[in-house]
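S.K.: Here's my sequence, what's the structure:
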Amino acid sequence: MTRFLLNPYRKEWILTMFSLLLCLSTFAQTKSISGTVLDDQNQPLPGASVKAKSGTGSASTDVEGRFRLNVQANEQTLVVSFVGFNTQEVRIAGQTTVTVRMAADSKVLEDVVVVGYGTQRAEAVTGSVASIRGDAIRDVPSANISQALQGRLPGVEFSQTSSQPGAAMQIRIRGTRSLTASNDPLVVLDGIPFAGSIADINPNDIKSVDILKDASATAIYGSRGANGVILVTTNKGITGQKAKLSYNGFAGPKSIFARYPMMNGPEFVELRKAAGGVFTNSLDEADDVDTDWQDLLYKTGMMMSHDVGVSGGTEQGSYNFNVGYLEDEGVVPTQQYRRFSLRGSLDQNIGQYFRVGFNTNNNFNITDGANVGLYGVLSASPIANPYNEDGSWKRIIRMPRDDQWIYSREIVEDLKDTWLTQNRAYGSYNTLYGEFKVPGVDGLKYRANVGLNYRQSNNGSFVGRGITSANPETESSASISNALTTDWTIENLLTYDRTIAEKHQINVVGLYSASQNRYNRSATSARDIPNEAFQFYNLGSAAGEITVSPEDNGYTVSGLMSWMGRVMYSYDNRYMISATLRSDGSSRLAPGHKWHTYPAVSVGWNISKESFMESVPAINMLKLRAGYGQTSNQSIAPYATLGRLGTRPYNFGNEYSTGYYVTELPNPDLGWEYSTTWNYGLDFSLFDSRLSGTVEYYQTKTHDLLLGVGLPPTSGVGSYTANVGKTENKGIELSLNGVILDNVNGWTWEAGVNLYANRNKLVSLASGSTEDRTNWWFVGHPIDVIFDYEKTGLWQEGDPHREVLEPGGNVGMIKVKYTGGYKEDGTPLRAINSDDMQIMSIEPKFQGGFNTRVAYKGFDLTAIAAFKKGGILNSTLYSSSGYLNMMSGRRGNVKVDYWTPENTDANYPKPGGIASGDNPKYGSTLGYFDASYLKIRTISLGYNFSQNMLKSVGVDRLRVYFTAQNPFVLFSPYHKESGMDPETNSLATENVAVAYSQNLRRLLTIGTNSPSTRSYLLGVNLTF
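M.R.: Numbering: from 1, shown residues only. Predicted coordinates for the structure are as follows:
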């Protein structure tokens, strides 16, 4: 017996068994409590603290406001707290499921933001995150969220690349970093990287959008978040809520914001006279004719949206389903966008420790009418008569140098089955998850996410015989392309979230994930379709040439594997730190260079929580934060490390064969493009939270750019992809929100403004080169510049040295800046040449937006605006590449103030003067304008019916509103000149007669795309 007691191994065994029995006894005396915490609007409160009053057991609510914790069996009360709300004590009274509704305690509630794989109170966030609620997004009724977010968030620029219905915007977060790799941000939908277009997401389904901007915030998403992350969270059901049915809809007409400012008949006649008879009237032209070609084409469009949803929950789960339809009909005939969407979410608790659920977002959209361009309408002579003597429509009009096929509103609609383009896309984006809470360890849980995405698009075009051609016998043509993207992601997450001793808040996340993207595209074109009813189907029956171009067909597979760990710690809501370590492996990069590990850390100090701030009641919140992190970019085409081959058909004797040649060299050393970012921020809330805001400064340095390096023709190969070059971005951001009136005699007035300025610079290029003139890249200058002559005015009579600088030039021609030397007598040493071309930045000095809301009882009036100061706007309508400002009278001309002997202070050159090709010499300089503008995007007037009135008929909420979209523009030099919307509408290679080189496609312009529109919408929001 003595030996048994003294044996150390047996003694250890007895102690272990005793401890285990003690733990089991303790566990047996606990019970599990679950529930949901809601705010005073019945919306879930993520991040609320729930704990047992006795002190044993605590938890935080998740993004849906749900919680689960283990408490002592005899526990009677839970204590629930959340910043901005009164702390509540909730009696359990034998319940295992409770619903807690919190009452607001302050005038401005503290927001909770999504930060990637979790949520945080805004008060505790140390990275750079900009957030907006779904209700604020819906203040701008629109086809997609990129349009609704424009001008709403500092540091996030939404630029229009097309004005056609359904088009999505280009998104840049804190500027452009890479030269040829992608600069697009990562979109994450309900926790899973999104494989579709942002236009696929129905704005009515969105609960919130949170944008991660600096590296300390985006590092958790690794290389995919190198250009920023847009986190989209969709609506969920609420546990314990009875089923509610909702309807949201709006409809209204669309009209043209402004026509393209083309000359009318009399003005065009005067232009031809001033040009000295370079062109005379053709057989179809007469000086007494005045044809408004735009009036003959445009129509009134229509926009409408209908969404019906049902949501609710049981004691153990919740659900939300929504079906929607959007139709956006343009002002150009046959142009329209239609979207059918179906979304659903289901979350279900299984016992005490398991939770499962899914989110599914499905849409089918159809885009029509991209074939109908405006160049033919705008370039048609306004003194040409489109009608025959019998009143019928002419097929062509004869102009001085060519014949032109013409069309009107009726012609286009009559030809809708024989002159068409249509894109049909179906996307299904699905997330499934399972979550297990580890028993006996409060706050520890494991979660598996599986994302399964599928997107298919089918694009077809058909042009019937003779359509768009001056020759009525021109063969018909058709083309079709198909693309299929399948994408899967698997994530394994282990999370520990705990508050210890009421002061130590700890959140630890560990992640392992893998993803794969598979893309397949095929395209075929054919000529001489035997029957117009075939359209773009059954191209194999074509009587003419059938083409399958290798450049339009392709198949790629790429994958990414990742490990990640993050720790967020807060002490007493005063001192905060977040640290992340991420490692990514990409299949797109070369062996030995596929993996990279990078860190990120951010800290915060909530100064307002210090005791010495108690004597400063005007400051409600004051937080300093700083962050550092590294991200990397692998967004290049797959297989760039392997090199590429092109094909070339040829005849070998009597046989047809295909040869292969090298178009791009392999690079076995191709690795990651890196960016490091420093971010400094100050968040504040003053005067009883009546004024709040954020100021931030950042600096991002990117090196080892993924860049296509051109090779000399003697190499026999065009280029190879390498890690060369450096760029830098830095900037400042400011946002302010204020409550000016707070229920003063029934009046409430709120306002907000944000502005930001970004400066980027190209630090170095390949092989020590300081410039790449072909791509307009110059070391020491911004990435996006214009490299051209700089217009300084027009040559006038008596101006010295014209014959030296412009041999053979004329009075009234464009004068450009001369940078050469001078003789002793002041005479220029040479004529103007390419050495005088200037590097001109298109970056604005600053930009942003503001919003304001005034409410009186049930009425509210909201206005949202965007603004930009400085920079260069390139309008190809006025420049040489547009061929609409030739100043010779050959074709229809933009209405401009041109030089004549009687009008010498004009801005545009003398008609018929010295030319370069078909345009005035230096005519490209005529398209550069100051890009400044202040644009009112939306004005909305609404009325919310009183709850007392609605309850009697079983309605929870009824709101009606009227919205004017894009009503007017202020303070815009371009608008003053043209009357048009100063927002861009085209890429540089689109909607021009002479396209820029492919790499200059990145520069956004105003081209001859569909005109900007103005909408008037009547809407209703109904819940019962």
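S.K.: Quick one: the strands in the stretch 701-850 of the chain, in order.
M.R.: For the stretch 701-850 of the chain, applying DSSP state E, counting those that start in this stretch gives strands covering 706-710, 719-723, 726-744, 747-764, 771-772, 777-778, 785-788, 791-794, 814-816, 838-841, 846-856.
S.K.: Paired strands for whichever strand or helix holds E491, with orientation please.
M.R.: Taking DSSP states H and E as the definition, E491 sits inside strand 477-500. Taking DSSP bridges as the criterion, strand 477-500 forms sheet pairs with strand 444-463 (antiparallel), strand 504-527 (antiparallel).
S.K.: can you list those in JSON lines and add distance to S182, mean pLDDT and mean neighbour count?
M.R.: C-beta coordinates here come from the backbone N, C-alpha and C atoms, glycine included. Output for the strands paired with strand 477-500, formatted as JSON lines (distance: least, C-beta to C-beta, whole Å; pLDDT from 0 to 100; neighbours: other C-beta atoms under 10 Å):
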{"stretch": "strand 444-463", "distance to S182": "17", "mean pLDDT": "94", "mean neighbour count": "19"}
{"stretch": "strand 504-527", "distance to S182": "13", "mean pLDDT": "94", "mean neighbour count": "18"}
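S.K.: picking up where we left off before, can you lay out the strands of the stretch 701-850 of the chain as CSV showing mean neighbour count?
M.R.: Output for the strands of the stretch 701-850 of the chain, formatted as CSV (neighbours: other C-beta atoms under 10 Å):
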stretch, mean neighbour count
strand 706-710, 21
strand 719-723, 20
strand 726-744, 17
strand 747-764, 18
strand 771-772, 18
strand 777-778, 22
strand 785-788, 19
strand 791-794, 16
strand 814-816, 23
strand 838-841, 16
strand 846-856, 19
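S.K.: Among these, single out whichever gets nearest to S162.
M.R.: strand 846-856 (20.3 Å; C-beta to C-beta).
S.K.: So for the closest one, mean pLDDT?
M.R.: Per-region confidence: strand 846-856 scores 94 on mean pLDDT.
S.K.: Show the pLDDT at the one residue sitting closest to the centre of the chain.
M.R.: By C-alpha atoms, centre = their mean, the chain has its centre lying nearest to I171, at 3.5 Å. Per-residue confidence (pLDDT) for I171: 92.
S.K.: Can you name the helix or strand that it falls in?
M.R.: strand 169-173.
S.K.: Contacts for the helix or strand following that strand, please.
M.R.: Downstream of strand 169-173, the first helix or strand assigned by DSSP H and E is strand 186-189. For strand 186-189, contacts defined as C-beta atoms under 8 Å, 6 or more residues apart in numbering pick out 116, 193-194, 198, 201, 218, 221, 224-225, 227-232, 234, 359, 361, 429, 431.
S.K.: Out of the residues you listed, which sit inside strands?
M.R.: Members of these lying in strands (criterion: DSSP state E): P193, V229, I230, L231, V232, T234, N359, N361, Y429, T431.
S.K.: The fifth one: neighbouring residues, count only.
M.R.: Applying other C-beta atoms under 10 Å, we find 23 residues neighbouring V232.
S.K.: Adjacent strands (with direction) for the strand holding I171?
M.R.: In the sheet, strand 169-173 lines up against strand 156-160 (antiparallel) (DSSP bridges).
S.K.: Off-centre distance for the partner strand?
M.R.: When distances are taken as C-alpha atoms, centre = their mean, to the nearest Å, strand 156-160 is centred 6 Å away from the chain's centroid.
S.K.: Okay, now the unreliable bits of the chain?
M.R.: Judged by pLDDT under 70, the chain has its weakly predicted residues at 1-29, 40-43, 55-56, 63, 83-84, 104-112.
S.K.: ok, which stretches of it are helices?
M.R.: For the chain, the helices defined by DSSP state H occupy 2-6, 8-28, 134-137, 145-149, 215-218, 265-274, 293-297, 375-379, 409-414, 802-805, 947-951, 973-978.
S.K.: how about the last one: buried residues?
M.R.: Of the residues in helix 973-978, Y974, H975, E977, S978 count as buried by neighbour count, 16 or more other C-beta atoms under 10 Å.
S.K.: now swap in the third one and tell me
M.R.: Of the residues in helix 134-137, those buried by neighbour count under the rule 16+ other C-beta under 10 Å are G134, A136, I137.
S.K.: Then stretch 901-916?
M.R.: Going by 16+ other C-beta under 10 Å, stretch 901-916 has these buried residues: Y908, P909, K910, P911, G912, G913, I914, A915.
S.K.: ok, so of those residues, who is nearest G464?
M.R.: Nearest to G464 among the buried residues of stretch 901-916: A915, at 37.0 Å, using C-beta to C-beta.
S.K.: My read is that the closest one contacts R890, right?
M.R.: No. The criterion here is C-beta atoms under 8 Å, and A915 misses it with R890 at 10.7 Å.
S.K.: contacting residues around K213?
M.R.: The contact partners of K213, taken as C-beta under 8 Å, 6+ apart, are G127, S128, V129, A130, G155, V156, I173, R174, G228, N679, Y698.
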